[in-house]
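>>> okay, here's the prediction I keep looking at, along with the sequence it came from:
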Amino acid sequence: MSQTLFYLLVGAGLWLLGLHGLLCLRQPLRRIMAVNIMGSGVFMVMLALAVRPDSPDPVLQALIVTGLVVAASATALALRLASADRDRAQKTAEEGE
Amino acid sequence: MNTALLSLSAPLLAALWLLLTHRRQAPVVIVASLISLVAAVFSLYQVIDAGEQSLALGGWESPLGIRLRLMPVSAMLLTFTALIHSLVGLYAWRSRHSQTRHTDYWPLSCLLHAALAALWLSHDIFNWYVTLELLGLVAVVMVCLAGPKAYGAALRYLLLSLAASLCYLLGVALLYGVYGVLDVSLLAEAARADPSTRTALMLMTVGLMLKAALWPLHLWLPAAHSSAPTAVSALLSALVVKGPLFILWLLWSRVAPEELGQAAGPWLALAGVGALLVGGWSALRAPLIKLMVAYSTVAQLGYALLALGLMLHWRELSLDAALWLFVLAHGLAKVSMFLAAGEMQSTLGSRRLDSLKGATQTMPVAMFAFAVAGGSLIGLPPSGGFLAKWLLLLPLLQNPAHWPWALGVMLGTLISAAYVFRVVAISFDRARPTSPDFNPDRFAQWLSLLPALLVWGMALISEQLILWLTGATL
């Protein structure tokens, strides 16, 4: 049980760390990574909760897989947007000069 | 249930077809919205006749499988979504000023429609997470349609929306850890008022409030909604923010144990009053036309949150009907306002509010639509906004001890009257009118008037509507 508690606490800690990063950082790439750390924290909490005496709870595992798919596609979109926004900023800076 | 599924799958199939064939055909989208509308109306009739229906997807029963559920409120929201999508689609297709005619607006709007329909039909806290993510991602991409200038706002919207979903997901994980079920009805039977349930509900509420842009978590909304193309702004304000609100409502009114709801009610109601005052004040001071309309969304969502909070606190079920009337009235009025604002902005050639000088003379129809919609936002009788506000005020006025809340509603009304009349006053300043583009688009202006007339038309069926909604939300 203490092991479950350990993973729960680490998961919650990662989630808080990610949230702190998202709120305090300014660079888009770091903020995207912060959101991913938040996501890892949630998945870790879910894994810790899935522990059963004989075999782990399949429903939570299915939820984590779904969550991972969502997180991966959202991260891809965020990265594309961040790079497009940076290109735009550079272009306007060049035109300004 | 079959008709509700048709209402969900028509836009989904249209979106897939458009994506696979790389086409941007507006008529396909409008036909899909109309099919969806007809199907939704039939499902509404069925629900009124036969009561709630549910469907276990793939034949898997509740603890393991996903259940869809057609409640009266979800049937009403399905119809409403399809109606708004048909109207906005028609505008985006026919208006010469819509910047969305030859863009990826068409498949995206279909996907948005399908995501919303799935959200209204889901009855499972994890499925809501999935539909919320679908909704958020599609909404972000739609904001990007406005071009590179909107990328910054879209990225901020995306990151906050992801953080909000993860907040909600952590709450879902905790609830599942405690009770071992995801289905809303099963959860409602099992829920107890213990610390872990309280934490889970708090996390989910914060996530949903951020997604619905409820004060004080509204800061992303004005930039995202005002930088999007006109048709997209209308969809975002009228529909997308209502999705998380629907989940919040079901979560607190069905799942949460009564004592937790009673304790949380005043806080939600306070946030509602805060939204009314802060959103209204910002709308009053906004320099741009669309920014003002976007801030007014923040303010108007305050009424819905106030109704939810007071309903939880006093168990006053007529306030449920007030909440959903607000959603309907605000949705219709906001579509009208955004379409009119978009038309005026592109015909007069400026995004600034002072460019509306003399608009009553140069663009009478669009300005009339704006003012009529504004009348419903203020709550002038006999508009839909008035009906909702009347239902909200009745329990407040019956008991003298409730005067602070009534005062909050009155102040909110005063501010909304101020920001609507500010625009109207500028538009009557005919001394030096901004000269319009020499070829204004009449059809689009009349189209923007239609939803405003619908919201005032709600007065004609007000009694049936209130009685039905009071029964439907029990």
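Ah, there it is. Numbers count the residues shown, from 1 in each chain, chains lettered A, B, ... in the order given.
>>> distance of B:G374 from B:Q300?
Separation of B:G374 from B:Q300 (CB to CB, to the nearest Å) stands at 11 Å. All C-beta spots, glycine's among them, are computed from the backbone N, C-alpha and C.
>>> what residues does chain A have near chain B?
A:15, A:18-19, A:22, A:28, A:31-32, A:35, A:38-39, A:41-42, A:45-46, A:49, A:59-60, A:63, A:66-67, A:70, A:73-74, A:77-78, A:81-82, A:84-85, A:88 (CB under 8 Å from any CB of the partner chain).
>>> select only the buried ones of those in PyMOL?
The following PyMOL line selects those of the residues of chain A next to chain B that are buried, judged by 16 or more other CB atoms under 10 Å in any protein chain shown:
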select buried, chain A and resi 15+18+19+22+28+31+32+35+38+39+41+42+45+46+49+59+60+63+67+70+74+77+78+81+82+84+85+88
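>>> and the residues of chain A next to chain B, which of them are in helices?
A:15, A:18-19, A:22, A:28, A:31-32, A:35, A:38-39, A:41-42, A:45-46, A:49, A:59-60, A:63, A:66-67, A:70, A:73-74, A:77-78, A:81-82, A:84-85, A:88 (DSSP state H).
>>> and B:G374 and B:Q300? Which one has more around it.
B:Q300 (29 against 26; other CB atoms under 10 Å in any protein chain shown).
>>> what angle do the helix or strand bottoming out on mean pLDDT in chain A and helix A:28-49 make?
Taking mean pLDDT, DSSP states H and E as the measure, chain A has helix A:58-96 as its least confident helix or strand, at a mean of 88. Using axes from the mean of the first three to the mean of the last three CA atoms, to 10 degrees, the inter-axis angle of helix A:58-96 relative to helix A:28-49 is 180 degrees.
>>> for helix A:58-96, name the packing helices and strands.
Helices and strands touching helix A:58-96, by 3 or more CB pairs under 8 Å, 6 or more residues apart in numbering or on different chains; DSSP states H and E, are helix A:28-49, helix B:125-144, helix B:151-179.
>>> who wins for proximity to B:P440 among these?
In terms of CB to CB, the element of those nearest to B:P440 is helix B:125-144, at 26.0 Å.
>>> can you show me the CA trace of that closest one as PDB?
Output of helix B:125-144 as PDB, limited to C-alpha atoms (Å, rounded to 0.1, in the frame of the first residue of the first chain):
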ATOM      1  CA  ILE B 125     -17.500  11.300 -16.900                       C
ATOM      2  CA  PHE B 126     -14.600  10.000 -18.900                       C
ATOM      3  CA  ASN B 127     -16.500  10.200 -22.200                       C
ATOM      4  CA  TRP B 128     -17.100  13.900 -21.300                       C
ATOM      5  CA  TYR B 129     -13.300  14.300 -21.100                       C
ATOM      6  CA  VAL B 130     -12.900  12.900 -24.600                       C
ATOM      7  CA  THR B 131     -15.700  15.100 -26.000                       C
ATOM      8  CA  LEU B 132     -14.300  18.200 -24.200                       C
ATOM      9  CA  GLU B 133     -10.900  17.500 -25.800                       C
ATOM     10  CA  LEU B 134     -12.500  17.100 -29.200                       C
ATOM     11  CA  LEU B 135     -14.400  20.400 -28.700                       C
ATOM     12  CA  GLY B 136     -11.300  22.200 -27.500                       C
ATOM     13  CA  LEU B 137      -9.000  21.000 -30.300                       C
ATOM     14  CA  VAL B 138     -11.500  21.800 -33.000                       C
ATOM     15  CA  ALA B 139     -12.200  25.200 -31.500                       C
ATOM     16  CA  VAL B 140      -8.500  26.100 -31.400                       C
ATOM     17  CA  VAL B 141      -8.000  25.100 -35.100                       C
ATOM     18  CA  MET B 142     -11.100  27.200 -36.000                       C
ATOM     19  CA  VAL B 143      -9.600  30.300 -34.300                       C
ATOM     20  CA  CYS B 144      -6.500  29.800 -36.400                       C
END
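>>> all good on my end, thank you.
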